[in-house]
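**Q** Sequence first, then the predicted structure:
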Amino acid sequence: MKSIIKYPMLFLFGGSIYYLLEIIFRGYSFPAMAVCGGLCFIICGVINERSRCMPLVLQQLIAASGITVIEFISGLILNVWLGLNMWDYSNMPGNVLGQICPQFMILWFFLSAVGIILDDVIRWRLFGEEKPHYHLFKKGHHRK
């Protein structure tokens, strides 16, 4: 039963946290952002499922890249195609079509560490998966 609810629960948790963070820092959010946040949280969690000894920095790089791709695709659909204007990075240096920019990719890099660790703790405490431990840069021993 636990395995059936694991991913929906992780998705809802990540989406809810992201939605709340947007309300705290921007003063508002959109339901679509909860969906994006849920997808991003899932990405943070599945990165190390096959290789439990992947350095945290590498996990963060992969997560930040995945989050940026989700943000770009979501932006093209929601902002450009549907015209919802949920965000606009046009005034940011290095932006791509006003939907992504290097500054936010750096932010996603640092926030992904929080997402990775939260996901691992939830999986360990609620779903009985391996207890997490981390190394930053080089490959170490498997988690125990």
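**A** Good, I have the coordinates. Numbers count the residues shown, from 1 in each chain.

**Q** okay, which residue is most central for this structure?
**A** residue 40 (3.1 Å; CA atoms, centre = their mean).

**Q** what about the residue nearest to that residue when sequence neighbours are not counted, neighbour count?
**A** Leaving aside its sequence neighbours, residue 40 sits nearest to residue 67 (CB to CB, 6 or more residues apart in numbering; 4.7 Å). The way it works is simple: take the backbone N, C-alpha and C, and place the C-beta from them, glycine included. Neighbours of residue 67 under the rule other CB atoms under 10 Å: 26.

**Q** which residues touch the host helix or strand of residue 67?
**A** Per DSSP states H and E: residue 67 is located in helix 56-75. Contact partners of helix 56-75, identified using CB atoms under 8 Å, 6 or more residues apart in numbering, comprise 32, 36, 39-40, 43-44, 47-48, 86-87, 96-100, 104-106, 108-110, 112-113, 115-116, 134-137.

**Q** Using PyMOL, define a selection of the buried residues within the residues you listed.
**A** Burial among the contacts of helix 56-75 is assessed by 16 or more other CB atoms under 10 Å; the matching PyMOL selection reads:
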select buried, resi 36+39+40+43+44+47+48+86+87+98+99+100+104+105+108+109+112+113+115+116+134
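
**Q** Out of the contacts of helix 56-75, list just those in helices.
**A** Judged by DSSP state H, the contacts of helix 56-75 include 32, 36, 39-40, 43-44, 104-106, 108-110, 112-113, 115-116 as members of helices.

**Q** between these, which is closest to residue 79?
**A** residue 32 (10.1 Å; CB to CB).

**Q** so what's the residue nearest to that closest one when sequence neighbours are not counted up against?
**A** Sequence neighbours aside, residue 78 is the residue nearest to residue 32 in space, at 5.7 Å (criterion: CB to CB, 6+ apart). Taking CB under 8 Å, 6+ apart, we find residue 78 in contact with 32, 84, 86.
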